[in-house]
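**Student:** just a sequence and a predicted model for now, questions to come.
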Amino acid sequence: MNIVQLTPGAGGMYCGGCFRDNALVKGLRSQGHDVLMVPLYLPLTLEDDDQSKETPIFYGGIGVFLRQYAQWLPSSWTRWLSHRSLLGKVAGKAARTRPEDTGALTVSMLRGLDGRQAGELNALVDWLKEHGQPDVVCLSNALLLGMCPAIKRGLGVKVVCTLQGEDTFLDALREPYRTEAWDELSRLAAEVDAWIAPSQYYGRTMQNRLKVVENRIHVVPNGIPLEGYQMSSLPAHPPVLGYFARMCPQKGLATLVDAFCDLKKQDATKHLKLMIGGGCGPGDVAFVESLKVTLKHAGLSDDVTWHPNLSREEKLDFFSRLTLFSVPALYGESFGLYVLESLASGVPVVQPPHAAFPEIIAQTGGGILSEGLSAQDLSASIRCLLMDRPRLLAKAKEGRESVIRTGSVQSMCDGVLNVFEHL
């Protein structure tokens, strides 16, 4: 099958969507499919070999931003501004961008050929025409839907859109852009031939918000490359609690720190250690420093280690040293690749009882849900599992076996291909 995958870069930040798309393309290529991965905005920041490295970057982030405020900008300038070397130098600054500051640009992008970036869209379609005729074009997320009508008409192909947590970004936009963006998405939804959601929860969420016909949304759980994951010994003396996600408020890191402080006050868990890893960009530094102050005032600085922006090898080692894992995300997480990563290392998880987590815990058996969303609820559940070693070991075994069986890149590729083949 001839496939084009369009994926936006994340500005020097590790991005679950980028990881997922890159792994998917690599997996599909290994099965003999012809897959062209096209990066948008900025270079992809990845742990594995970049499957888009031979492809030009379209909708270069600098040009797209300038075009929003200077439509007279010559196309030759925007092409020059899309060079990988230049975009790579500014990627770190893009990590400071906040959703609430990008409303006008988001709406313009969703308007496609009627938006201020119409020239970039035409350039992309023209380039795709010259580089083979795909059977299907896959959009990484719904924020790219403005491209859909032009791609379908220009190439005469089917378009599939993956759903990857867009609602959180869109709901953070300021008005009137928030309403305008959702209206544009609802209008464009009928153009999409099929949708792929990573969980039943998120499929239902976006079906309701976009008014999509139910049978056009297909659930294909995300998968991860399983090579290199080492089974943790689940250390007990001392036990080690882990967190691995972006170091930001939305992922619930402050809640976890508060839960850890509570656990350290209790005799049964007073020896507990905490390892915090994941992406930490320029916009996250102030928040991380505030947590370090909290831990210092509690006299716990020496019991916590910080591991920002790890390589894949360092990440694998990180997970192999844990006893228990939690990322108590505060928002409606569509999936959470970090849960699979923990289970692949044989480390059980404790997650909040909302969003996609109840679904994932039920499917994998690799952990438990806290009673509620508070730090006290989380600490109680963590203590409960730590104090029951046989149950901890059983959850570790069940979770790892489940991920090996259904959480691989191969499983994800099979599910995605099944959607493509039935268009």
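**Tutor:** Here it is on my side, so go on.

**Student:** give me the element the spatially closest residue to residue 301 that is not a sequence neighbour is part of.
**Tutor:** Counting by Cβ to Cβ, 6 or more residues apart in numbering, residue 301 lies nearest to residue 295, which is 5.2 Å off, once chain neighbours are set aside. Just so you know, the C-beta spots here come from the backbone N, C-alpha and C atoms, and that holds for glycine as well. Element membership for residue 295 (DSSP states H and E) is helix 285-297.

**Student:** show me what that helix is in contact with.
**Tutor:** Identification of contacts with helix 285-297 by Cβ atoms under 8 Å, 6 or more residues apart in numbering yields 247-249, 253-254, 257-258, 261, 280, 301, 303-304, 306, 308.

**Student:** which of the residues you listed are buried?
**Tutor:** Buried members of the contacts of helix 285-297, counted by 16 or more other Cβ atoms under 10 Å: 247, 248, 253, 254, 257, 258, 261, 280, 303, 304, 308.

**Student:** for the first one, phi and psi?
**Tutor:** Which is residue 247. With angles defined as degrees, to the nearest 10, residue 247 sits at phi -80, psi 80.

**Student:** name the helices or strands packed onto whichever strand or helix holds residue 403?
**Tutor:** In this assignment (DSSP H and E), residue 403 forms part of helix 389-406. With contacts taken as 3 or more Cβ pairs under 8 Å, 6 or more residues apart in numbering; DSSP states H and E, helix 389-406 sits against helix 337-344, helix 357-364, strand 367-369, helix 375-386.

**Student:** give me whichever of these is most buried.
**Tutor:** helix 337-344 (a mean of 26; mean count of other Cβ atoms under 10 Å).

**Student:** before we move on, the earlier item: alpha carbons of the helix holding residue 295, as PDB, please.
**Tutor:** Extracted C-alpha coordinates of helix 285-297, given in PDB (Å, rounded to 0.1, in the frame of the first residue of the first chain):
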ATOM      1  CA  VAL A 285      11.600  25.200  34.200                       C
ATOM      2  CA  ALA A 286       9.800  27.600  36.500                       C
ATOM      3  CA  PHE A 287       7.200  25.000  37.400                       C
ATOM      4  CA  VAL A 288       9.900  22.300  38.100                       C
ATOM      5  CA  GLU A 289      11.800  24.800  40.300                       C
ATOM      6  CA  SER A 290       8.700  25.500  42.300                       C
ATOM      7  CA  LEU A 291       8.300  21.700  43.000                       C
ATOM      8  CA  LYS A 292      11.900  21.500  44.100                       C
ATOM      9  CA  VAL A 293      11.200  24.300  46.600                       C
ATOM     10  CA  THR A 294       8.200  22.400  47.900                       C
ATOM     11  CA  LEU A 295      10.400  19.300  48.400                       C
ATOM     12  CA  LYS A 296      13.200  21.300  50.000                       C
ATOM     13  CA  HIS A 297      10.800  22.800  52.600                       C
END
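
**Student:** rewinding a little: what angle do the helix holding residue 403 and helix 357-364 make?
**Tutor:** Per axes from the mean of the first three to the mean of the last three Cα atoms, to 10 degrees, the angle that helix 389-406 makes with helix 357-364 is 80 degrees.

**Student:** where does this protein have low pLDDT?
**Tutor:** Residue ranges of the chain with pLDDT under 70: 11-12, 61-63, 65-67, 69-99.

**Student:** which parts of it are strands?
**Tutor:** Ranges of strands within the chain are 2-8, 34-40, 136-139, 158-162, 194-197, 217-219, 240-244, 273-278, 304-308, 324-325, 349-351, 367-369, based on DSSP state E.

**Student:** and residue 334, which of these is closest to it?
**Tutor:** Among the strands of the chain, strand 194-197 comes nearest to residue 334, with 7.4 Å by Cβ to Cβ.

**Student:** who does the closest one pair up with?
**Tutor:** strand 158-162 (parallel), strand 217-219 (parallel) (DSSP bridges).

**Student:** now do the contacts for the residue nearest to residue 142 when sequence neighbours are not counted.
**Tutor:** Excluding the flanking residues, the one nearest residue 142 by Cβ to Cβ, 6+ apart is residue 166, at 4.7 Å. Contacts for residue 166 (Cβ under 8 Å, 6+ apart) come out as 141, 142, 143, 206.

**Student:** now the helices and strands packed on helix 389-406 as CSV including distance to residue 161?
**Tutor:** Shown next, in CSV, are the helices and strands packed on helix 389-406 (distance: least, Cβ to Cβ, whole Å):
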stretch, distance to residue 161
helix 337-344, 19
helix 357-364, 21
strand 367-369, 30
helix 375-386, 34
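
**Student:** please name whichever of these is nearest to residue 422.
**Tutor:** helix 357-364 (23.0 Å).
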